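Asks: predicted coordinates and the sequence they were generated for:
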Amino acid sequence: MSLTLALVLIVSYILGSIPNGLIFVRAIWHIDLRERGSQNIGATNAWRVVGKPAGILVFILDFLKGALSVYLAEMLIDPPEKFMAMALAGIVAILGHSVSMFMKFRGGKGVATGLGVIAMLMPKVTLIVFLTWLVIVLITRYVSLGSIVAATLTPILAWFFDSPIEFVIFGLAAAILIVVRHRANILRLIHGNENKI
């Protein structure tokens, strides 16, 4: 691994680790998301606890963490390592969000950050995944269900659209991570007591 790639991955993890929901909701609305609702620092809990403006703000900021991490790899790493570096930067940013160095290695579920990553890696896939997520959420009101389905669909679509193998592997790894982070939600969905937005 080159020094430049190592630095990109370190920066990607730090970016991913920034707890936007905790910082900005507390600064603007004086609410600690860790003490309300699902106690998650992500956009869904911000929306549910504080309202639409907070949810949208946290979503955008978390999205940008993933997108910027991939952008750094794209700009700084030369072929033939570029695709691998972009995929690694993306997964490291999601890991940063999920096991944040600023939150004692705890964090959110990584959905918005993951969407920012795939927006940079695979725009066509992103559009289909987002629309799938949106339709499921509008019909069921379960954000978790939409997120799980969208995450699972990502590597399948990446393969279907003949994306670079590095991006397909990223999609599979990200899907596994996001589904694992939603394991409590899956149990609540099975038992019919999952929170709706």
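Replies: Noted; the coordinates are in hand. In this text, all values refer to a predicted model and were calculated from it rather than measured experimentally.
Asks: report the distance from whichever strand or helix holds Val92 to the chain centre.
Replies: Val92 belongs to helix 82-98 when elements are defined using DSSP states H and E. When distances are taken as C-alpha atoms, centre = their mean, to the nearest Å, helix 82-98 is centred 11 Å away from the chain's centroid.
Asks: then stretch 51-62?
Replies: A distance of 13 Å separates the centroid of the chain from that of stretch 51-62, by C-alpha atoms, centre = their mean.
Asks: go on, stretch 147-157?
Replies: The answer for stretch 147-157 is 12 Å, by C-alpha atoms, centre = their mean.
Asks: next, count neighbours for Phe24.
Replies: Using other C-beta atoms under 10 Å as the criterion, Phe24 is surrounded by 16 other residues. Heads up, the C-betas are built off the backbone N, CA and C, glycines and all.
Asks: quick one: contacts for it?
Replies: 54, 57-58, 61 (C-beta atoms under 8 Å, 6 or more residues apart in numbering).
Asks: make it 10 Å
Replies: 33, 46, 54, 57-58, 61 (C-beta atoms under 10 Å, 6 or more residues apart in numbering).
Asks: what's the answer for Phe83, then?
Replies: Contacts of Phe83 by C-beta under 10 Å, 6+ apart are 73-74, 77, 121, 163-167, 170.
Asks: buried subset of these?
Replies: Neighbour-count burial (16 or more other C-beta atoms under 10 Å) applied to the contacts of Phe83 gives 73-74, 77, 121, 163-164, 166-167, 170.
Asks: which of these lies closest to Phe105?
Replies: Nearest to Phe105, judged by C-beta to C-beta, of the buried ones among the contacts of Phe83 is Phe170 at 22.0 Å.
Asks: quickly find the element holding the closest one.
Replies: Assigned by DSSP H and E, Phe170 falls within helix 165-181.
Asks: now that helix: buried residues?
Replies: Neighbour-count burial for helix 165-181 [16+ other C-beta under 10 Å]: 166-175, 177-179, 181.
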